[in-house]
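Novice: test case, fold it:
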Amino acid sequence: MNRKGHQMSFEAVVAKARSEGRTLLSEVEAKDVLREAGVPVTKTTLATSADEAVSQAEAAGYPVVLKVVSPDISHKSDAGGVKLNLKSADDVRSAYTAIIESCQKHVPGAKIVGVAVQHMAPQGTEVIVGMTTDPQFGPVMMFGLGGIMVEVLKDVSFRLVPLEAKDARQMIGEIKGKPILDGVRGQPAADTSALEDALLKVSAFVESHPDVAELDLNPMFAYPDGAIAVDARILIRES
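Specialist: Model prediction:
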């Protein structure tokens, strides 16, 4: 969304990013274009003042998460740019100030666009839905368990874009961590049909937008009924 609340098209978002000399979309931009494409992501808005952050938090519903939006800060947590589980206007106001001050201290001279505000989704089973571009085969979809599982176990499956329903089903069935999605030790089973749908929606988005070079939804929380991505990253091609 731009400041007036009108949805910008993917092409307009890409043009804006390129005009600013960047290939990484902000989290707010990435989530806007993905939500428009039917991908389940948390609604995230951009605040440029503590007052705006408070009114956006009230609209989103507490508890909320605040994250810095800056093209110069990739590791937001390390710079003190993320505040979780904020439960009141006072929390949001002090978190906004703390984020700006901490990021300016950790990354002097960083361009800070503002702070992203989103409702804090309840914890689910973490999965990753991603896409990379293979120099030989073109866009490739990836699925796996999210969080530390993907870094440590490299437990992921791949398929070429475009995906069909059976491809999405097989991708989810192939990972070694599938029993976690099926519900182990009394944990509820994850809604795999919602995950299949998310994979298909991302595949369709990528297929219709060749400017996308990389895409990550990590983590996406899988619930017994549905799934939602709480973080999104989109890298576009150099023009």
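
Novice: show me what the helix or strand where Val28 lies is packed against.
Specialist: If you go by DSSP states H and E, Val28 is part of helix 27-36. Packed against helix 27-36 by the contact rule (3 or more Cβ pairs under 8 Å, 6 or more residues apart in numbering; DSSP states H and E) you find helix 10-19, strand 44-47, strand 64-69, helix 192-208, strand 232-236. (Glycine included, C-beta is placed from N, CA and C.)

Novice: strand 232-236 and the first one, what's the angle between them?
Specialist: Between the axis of helix 10-19 and that of strand 232-236 there is an angle of 70 degrees, by axes from the mean of the first three to the mean of the last three Cα atoms, to 10 degrees.

Novice: and what of the longest one?
Specialist: With the same axes, to 10 degrees as the criterion, the two stretches helix 192-208 and strand 232-236 enclose an angle of 20 degrees.

Novice: other SSEs contacting the following helix or strand past helix 192-208?
Specialist: Scanning forward in sequence from helix 192-208 by DSSP H and E, the next helix or strand is strand 212-223. Counting contacts by 3+ Cβ pairs under 8 Å, 6+ apart, strand 212-223 is packed against strand 125-134, helix 192-208, strand 226-229, strand 232-236.

Novice: Asp78: which of those is closest?
Specialist: Comparing the helices and strands packed on strand 212-223 against Asp78 with Cβ to Cβ, the closest turns out to be strand 232-236 (16.1 Å).

Novice: give me the residues contacting that closest one.
Specialist: Contact partners of strand 232-236, identified using Cβ atoms under 8 Å, 6 or more residues apart in numbering, comprise 14, 17-18, 23-25, 27, 29-31, 33-34, 41, 211-218.
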